[in-house]
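**Student:** Kindly generate the corresponding structure for this input.
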Amino acid sequence: MRLPEHPEAPTGTSGAGTSGTDRPRVGYVLTMFPRFSETFVLNELLALEAAGTEVRVLSLRQPDDGRFHAALGDLRARVTYVTRPSRASSVWSVLASVAPDLPRLAEHLPQVLALPVEEGVAALEVAAAAVREGLTHLHAHFANSPATVARVAAALAGIGYSLTAHAKDVFHDGLDAVALQANLRQASAVVTVSDFNVRFLRELCPAAADRVVRVYNGLDLERFAFRAGPREPRTVVAVGRLVPKKGFDVLLQATALLVRTGGDPVRVRIVGSGAEEPRLRELAARLRITDRVEFCGALPQDRMKEVVASATVFAAPCVVAGDGNRDGLPTVLLEALALGTPCVATPVTGIPEAVVDGVTGRLVPEGDATALAAALLGLLDSPADRAAYAAAGRALVERDFDVRRNALLLDEVFGVPAPRAAVPA
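**Tutor:** Below you'll find the predicted structure:
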């Protein structure tokens, strides 16, 4: 993959950057780290470290639920949490502490002052950390607030920045459109997680079109070994936060249809937690399927992996929510394919790039409980189809979603020189 140079990139380095032969030293700007639901970030960081890239995590918030995946213990990167100012005096304190490290502060102060207070303080602290640590590049996961902080911090530090755009940060109706356009336009590279997203972002921001590239979220395939052995009979599993875009209400409706067929019993396990849980439990009771559905809550990755690997079929009935929010390409769907659990999903955003209908799984229209029930029943009743989809799914994941291979593609992103000056917002 060859990435285009930023249109204003110089031939040398600037700010905290180092010479072109050095490995990049990259600061990852994240909303919250670690975050239980964002295993793709941890996977990427671990793969970058394995490839020899030095990373530093700059988190805008402290973790808030106390649950961590075991693989977090393998990460060597330092994690810094930025200040969340509670009063004006703390803002002045931050400004005084970072000013000696930021010779470009006066030049870029208008950009800082244009931000909400929390983002402005975060940008100052991230920029100072970049200078002190000798970081050569900043990279933000999500194109909204983390990218805004990274954009302004990079200008203050005199280095480049890039971002990875996912789904809720580009599709949601309530986004700050002005900030999003600035974040996309000024990034040295816009990474995104599917070809669907590449097309969407190029149309959304034509000025950044030649810098939008696809790097799939990847898996450490050594942690997700293919399982060809016996599985629990007639068991469907679904994994994700209990939020509207996951379409779990459609899965419950499909389960009720399967129960009414009167065939062999079907058991459904839903792994995850979220605001929709009371409504989903109420729906299961109303459909009289509480004896067929188990709400497992959120599970650590190793336990979740066992649940998915032991299931007959994996269901990802994703939908576009009423506020425009939708999934990009769920990591857990890739995990199911890697483990050899055949999948039934919907053609939302990038999902058809992994679940190829009739090849690596089945696709059904979003929101269609009847079609979902029929596809699930077809796989539950056909060991031959399950075996064929499982083998093809594993082959596709090995080809396109190996995190170590995909992480190497990010080296070119992180090696793009910083622009001479910030592009006006």
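**Student:** Can you give the domain ranges for the chain?
**Tutor:** 25-218+404-414, 235-401 (automatic domain parsing).
**Student:** could those domains go into TSV alongside mean pLDDT and mean neighbour count?
**Tutor:** Yep, even glycine has a C-beta here, placed from its N, CA and C like the rest. As requested, the domains of the chain are exported to TSV (pLDDT from 0 to 100; neighbours: other C-beta atoms under 10 Å):
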stretch	mean pLDDT	mean neighbour count
domain 25-218+404-414	93	20
domain 235-401	96	20
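**Student:** will you turn those domains into JSON lines that also has distance to Ala225?
**Tutor:** Putting the domains of the chain into JSON lines (distance: least, C-beta to C-beta, whole Å) gives the following:
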{"stretch": "domain 25-218+404-414", "distance to Ala225": "15"}
{"stretch": "domain 235-401", "distance to Ala225": "8"}
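**Student:** of all the ones you listed, which lies closest to Phe226?
**Tutor:** Smallest distance to Phe226 across these (C-beta to C-beta): 4.7 Å, for domain 235-401.
**Student:** what about the helices in the stretch 101-250 of the chain?
**Tutor:** All helices of the stretch 101-250 of the chain, identified by DSSP state H, counting those that start in this stretch, fall at 105-113, 117-133, 145-157, 177-186, 195-204, 248-260.
**Student:** quick one: contacts for Lys245?
**Tutor:** The contact partners of Lys245, taken as C-beta atoms under 8 Å, 6 or more residues apart in numbering, are Cys318, Val319, Val320, Ala321, Asn325, Arg326, Asp327.
**Student:** Equivalent analysis for Leu105, please.
**Tutor:** Val98, Ala99, Val112, Leu156.
**Student:** re the thing from before, let's have the helices of the stretch 101-250 of the chain in CSV, adding distance to Ala375.
**Tutor:** As requested, the helices of the stretch 101-250 of the chain are exported to CSV (distance: least, C-beta to C-beta, whole Å):
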stretch, distance to Ala375
helix 105-113, 50
helix 117-133, 44
helix 145-157, 37
helix 177-186, 36
helix 195-204, 21
helix 248-260, 9
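**Student:** right, and the ones you listed - which one's nearest Val413?
**Tutor:** Comparing those by C-beta to C-beta, helix 145-157 comes nearest, at 12.7 Å.
**Student:** Name the residues that touch that closest one?
**Tutor:** 15-16, 29-31, 60, 102, 104-105, 108, 111-112, 115, 119-120, 122-124, 126-128, 130-131, 135, 138-140, 160-161, 163, 169, 179, 182-183, 186-187, 418, 422.
**Student:** Hey, what's the angle from that helix to helix 177-186? Just curious.
**Tutor:** Angle of helix 145-157 versus helix 177-186, following axes from the mean of the first three to the mean of the last three C-alpha atoms, to 10 degrees, is 50 degrees.
**Student:** what's the spacing between helix 145-157 and its chain's center?
**Tutor:** Relative to its parent chain, helix 145-157 has a centroid offset of 19 Å by C-alpha atoms, centre = their mean, to the nearest Å.
**Student:** With stretch 303-313 instead?
**Tutor:** 21 Å.
**Student:** pull the CA atoms of it into PDB?
**Tutor:** What follows is stretch 303-313, C-alpha atoms only, in PDB (Å, rounded to 0.1, in the frame of the first residue of the first chain):
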ATOM      1  CA  ARG A 303     -14.600 -16.400  28.200                       C
ATOM      2  CA  MET A 304     -16.500 -14.800  25.300                       C
ATOM      3  CA  LYS A 305     -14.200 -16.600  22.900                       C
ATOM      4  CA  GLU A 306     -15.200 -19.900  24.400                       C
ATOM      5  CA  VAL A 307     -18.900 -19.100  24.200                       C
ATOM      6  CA  VAL A 308     -18.600 -18.200  20.500                       C
ATOM      7  CA  ALA A 309     -16.400 -21.200  19.700                       C
ATOM      8  CA  SER A 310     -18.800 -23.600  21.200                       C
ATOM      9  CA  ALA A 311     -21.900 -22.200  19.400                       C
ATOM     10  CA  THR A 312     -23.500 -23.700  16.400                       C
ATOM     11  CA  VAL A 313     -24.100 -20.400  14.700                       C
END
